[in-house]
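Q: With the sequence up front, the predicted model follows.
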Amino acid sequence: MRVLALATRAREQKALLAGAMLLVMVFTAGAALAQSVPTKTITIYNNSDTETLYTMIQSSKKQSIPGLPAVADLWMQAQFAVTNPSTQTFNSSLLYEIYVNPNSGIPPHKSVTITLPFYTQLLQYDSSNLGTVSDQFIDWWNAMRVYIFDGKDALTAATNRNLKIEHLPSGDLAVWAPPVTVNPVAGAAVASCTSDAGPCEVTVGGYIPGIPPYIPFQLVEYTFASASGPPLAPLPFTIDIGRVNYNISAVDSIYLPAAIGAHHNSTKDNTYLGTKMSLTDFRAALNDFKDTKSTPLWPYFLGGYYATHSIVPLQTPPAGVNTYPMPEIPSTNTVYAESFDNPPPAPPVLSSDTLAAVGDLGTVAQGTMDLWLKCAAEPTKSSTCAKIDVVSKFFADDYNKCFPGASLPNTEAFLRDVYGWVQFPGCTAVKSLADNPGYAEAIKTYCDLQYNYLDTSVPSEDWFNPYVRLVHSKLQSNAYGFSIDDAVSFKSIPGDGVIITIGGDHGLENVNQTDLPDAGNYHKFCEGAPVTRTH
């Protein structure tokens, strides 16, 4: 998730760097693959009247970490029908990224289409080492992210964000590094693009860190094909390359009016996810949620800008860099994860974690904490408070199993994990929240709370999550409003690619929207298992 603490990211980057930076040096040209590589497409339509959009497509790291369960690329295992899944894991140590038309982007009322092979071969292999050497392939289909930026400066910051660790006598130091050069073997399948605005090009690089939270973007996620095999299913592996799986994520933040549907699917199931709202109206709604003319209501992201070859963001743009279009609104989970560091990060991530305003959430966001505290003290429970008590007890019992004898964390840390519906950091005693007694009741009650704004008998001060109301009601979007908002935000249907639109529905094959949650249907959206996301 985007809201990982920067220090945590630095530790992860340091642990991964030693192997990754050495490994990429051995990418060499080799014999072309005899196997034909399947392809699918992503088409992006810019329906904005004024903004030029820029796009990056990012693979996921698939790398085992000591002490955690082994990580394997199930899709590659299935495609190659491996027989030893414990060793043929197809690990990758870098975030491989495709930058689409980085010089000219997607102008207003234009589109680009990216053709993505299932994989790109980077190292030669034979039967003795297939899938056993990290970074043999880039998998462009499994657990992928599409980042959409609405300015060249944001794209440039993302392009140049890479780092390396220098080991000095005084300690390790993170310094800027160029993206890792990616060298496919001769004849390997590679990504390409076309544009109705003129020539189209792609550039590919390897990165250690993820996109910093200072750079605004809208996130769309996809996985092409569907695979099964160990550890959840027995051998042999199977794969259906005819499907596409996708969602729009607002789990951490929301920034642009995105919609998505399948390509070459004429069935009634291909109703779009997201919103067709114009960029102007969408941005106005975000501003209204953030504040009135006189009263702060909700925190918002603060832009961070980068000088040439720097990994330290600046609070104001350097010469030649434009201010990012804003606002970008954090989810409730992000608000609690980022607002209470003291001293705050420099520069701050949110308006609520500046030196002068640590924990200053604004009246609406503060209302979520006030509601929690009110319910804890209320002797006669309202309907909302009775539900909050169920969820509070479930998480308190989980924490006590994780850390016997320890006091519960402070309210903001507790709510960070409640609103994220995640296990407490550092817990090894309970693998998953679902392993706890009372999980079924807790998740049903949690869904009731997330959607309690739909209950007309609940006053606005008792709305558990106003951000979910923003996403689904005010913005009319099927994006993920919280981490287990599954069925409303996720599709798995046949198709040979996906179509993404920004600022309108032009370009979608089906201009009918998937049902938004309402008082009669939200349980079918929310109570599904929280593992159905694309990654």
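A: Structure received. Numbers count the residues shown, from 1 in each chain.
Q: May I see the buried residues of the lengthiest helix in the chain?
A: Secondary structure assigned by DSSP state H gives helix 383-402 as the longest helix of the chain. Residues 384-385, 387-388, 390-392, 394-395, 398-399, 402 are the ones in helix 383-402 that count as buried (16 or more other C-beta atoms under 10 Å). The C-beta positions use only the backbone N, C-alpha and C, and glycine is treated the same way.
Q: Select, from those, the two members most distant in space.
A: Within the buried residues of helix 383-402, Thr384 and Cys402 form the most distant pair, 26.9 Å apart (C-beta to C-beta).
Q: ok now do His506, which residues does it touch?
A: Applying C-beta atoms under 8 Å, 6 or more residues apart in numbering to His506 gives the contacts 45, 47.
Q: swap in Tyr305?
A: Counting by C-beta under 8 Å, 6+ apart, Tyr305 touches 153, 157, 214, 313-318, 321.
Q: Can you tell me which of these lies closest to Phe490?
A: Phe490 lies nearest to Tyr214 out of the contacts of Tyr305, by C-beta to C-beta, at 28.1 Å.
Q: dump the residue contacts of Tyr272.
A: 259-261, 478, 505, 508, 510-514.
Q: The same query, at a cut-off of 7 Å, please.
A: For Tyr272, the contact set (C-beta atoms under 7 Å, 6 or more residues apart in numbering) comprises 259-261, 505, 508, 510, 513-514.
Q: Need the max-distance pair from those.
A: Across the contacts of Tyr272, the longest distance by C-beta to C-beta is 12.4 Å; it joins Asp505 and Thr514.
Q: so where do the strands sit in the stretch 151-300 of the chain?
A: Here the stretch 151-300 of the chain has its strands, by DSSP state E, counting those that start in this stretch, at 163-168, 171-176, 180-181, 192-195, 202-207, 218-228, 238-249, 253-254, 258-262, 273-274.
Q: And the residue nearest to Thr514 when sequence neighbours are not counted, how close does it get to Ile148?
A: Distances taken as C-beta to C-beta, 6 or more residues apart in numbering put Thr271 closest to Thr514, at 4.4 Å, once the chain neighbours are dropped. Plainly put, Thr271 is 21 Å away from Ile148 if you go by C-beta to C-beta, to the nearest Å.
Q: Neighbour count: these two, which is higher?
A: Ile148 (23 against 18; other C-beta atoms under 10 Å).
Q: The more buried one: which element?
A: Using DSSP states H and E, the element containing Ile148 is strand 144-149.
Q: other SSEs contacting that strand?
A: Based on contacts counted as 3 or more C-beta pairs under 7 Å, 6 or more residues apart in numbering; DSSP states H and E, the elements that strand 144-149 packs against are strand 54-58, helix 152-159, strand 218-228.
Q: Just put those in JSON lines and tack on mean pLDDT, distance to Glu461 and mean neighbour count.
A: Below are the helices and strands packed on strand 144-149 laid out as JSON lines (pLDDT from 0 to 100; distance: least, C-beta to C-beta, whole Å; neighbours: other C-beta atoms under 10 Å):
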{"stretch": "strand 54-58", "mean pLDDT": "98", "distance to Glu461": "40", "mean neighbour count": "24"}
{"stretch": "helix 152-159", "mean pLDDT": "95", "distance to Glu461": "36", "mean neighbour count": "21"}
{"stretch": "strand 218-228", "mean pLDDT": "98", "distance to Glu461": "30", "mean neighbour count": "22"}
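Q: could I get the ones you listed as CSV with distance to Gly495?
A: Shown next, in CSV, are those (distance: least, C-beta to C-beta, whole Å):
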stretch, distance to Gly495
strand 54-58, 17
helix 152-159, 27
strand 218-228, 9
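Q: can you tell which of these is closest to Val204?
A: When those are compared by C-beta to C-beta, strand 54-58 sits nearest Val204, at 9.5 Å.
Q: Dump the closest one to CSV, keeping only the CA atoms.
A: Provided in CSV are the C-alpha atoms of strand 54-58 (Å, rounded to 0.1, in the frame of the first residue of the first chain):
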residue,chain,number,x,y,z
TYR,A,54,1.1,10.6,-18.8
THR,A,55,1.1,6.9,-18.1
MET,A,56,3.4,4.4,-16.4
ILE,A,57,2.8,0.6,-16.2
GLN,A,58,4.5,-1.2,-13.3
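Q: pLDDT score assigned to Glu527?
A: Predicted confidence (pLDDT) for Glu527: 65.
Q: Give me the distance from whichever strand or helix holds Tyr446 to the chain's centre.
A: Per DSSP H and E, Tyr446 falls inside helix 439-450. Taking C-alpha atoms, centre = their mean, to the nearest Å, one finds the center of helix 439-450 at 23 Å from the center of the full chain.
Q: And stretch 505-514, by the same measure?
A: Computed by C-alpha atoms, centre = their mean, the chain-centroid distance of stretch 505-514 equals 23 Å.
Q: next one: stretch 416-434
A: 18 Å.
Q: Repeat that for stretch 115-133.
A: In terms of C-alpha atoms, centre = their mean, the centre of stretch 115-133 is found 26 Å from the chain centre.
Q: where does this structure dip in pLDDT?
A: For the chain, the stretches with pLDDT under 70 are 1-35, 65-69, 527-535.
Q: Try it again at 80.
A: Low-confidence segments of the chain (pLDDT under 80): 1-35, 64-70, 486-487, 527-535.
Q: can you give me the helices in it?
A: Assignment of helices within the chain using DSSP H yields the ranges 6-23, 74-79, 152-159, 279-290, 332-338, 363-377, 383-402, 411-420, 439-450, 466-469, 522-526.
Q: could you check the angle helix 363-377 makes with the longest one?
A: For helix 383-402 against helix 363-377, the angle by axes from the mean of the first three to the mean of the last three C-alpha atoms, to 10 degrees is 80 degrees.
Q: Can you spell out which helices and strands pack onto helix 383-402?
A: helix 363-377, helix 411-420, helix 439-450.
Q: still on that earlier bit, do you know which of the strands of the stretch 151-300 of the chain lies nearest Met326?
A: Each of the strands of the stretch 151-300 of the chain was scored for nearness to Met326 using C-beta to C-beta, and the closest is strand 253-254 (11.4 Å).
Q: Starting from that closest one, tell me which strands it pairs with and how they run.
A: Next to strand 253-254 in the sheet, as set by DSSP bridges, lie strand 329-330 (antiparallel).
Q: quick one on the thing from earlier: okay if I get the helices and strands packed on helix 383-402 as TSV plus mean neighbour count and distance to Ile254?
A: Output for the helices and strands packed on helix 383-402, formatted as TSV (neighbours: other C-beta atoms under 10 Å; distance: least, C-beta to C-beta, whole Å):
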stretch	mean neighbour count	distance to Ile254
helix 363-377	16	14
helix 411-420	20	15
helix 439-450	19	16
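Q: of these, which approaches Asn183 most closely?
A: For Asn183, the closest of the helices and strands packed on helix 383-402 is helix 411-420, at 38.8 Å, according to C-beta to C-beta.
Q: Now do that closest one: which elements does it pack against?
A: helix 332-338, helix 363-377, helix 383-402.
Q: thinking again about what came up before, got CSV for the buried residues of helix 383-402, with distance to Leu361 too?
A: Formatted as CSV, the buried residues of helix 383-402 follow (distance: C-beta to C-beta, whole Å):
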residue, distance to Leu361
Thr384, 19
Cys385, 20
Lys387, 22
Ile388, 18
Val390, 24
Val391, 20
Ser392, 19
Phe394, 24
Phe395, 20
Asp398, 25
Tyr399, 23
Cys402, 27
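Q: For Gly420, state which of those is nearest.
A: Nearest to Gly420 among the buried residues of helix 383-402, with distances taken as C-beta to C-beta, is Phe395, at 10.8 Å.
Q: Enumerate every residue touching the closest one.
A: 414, 417-418.
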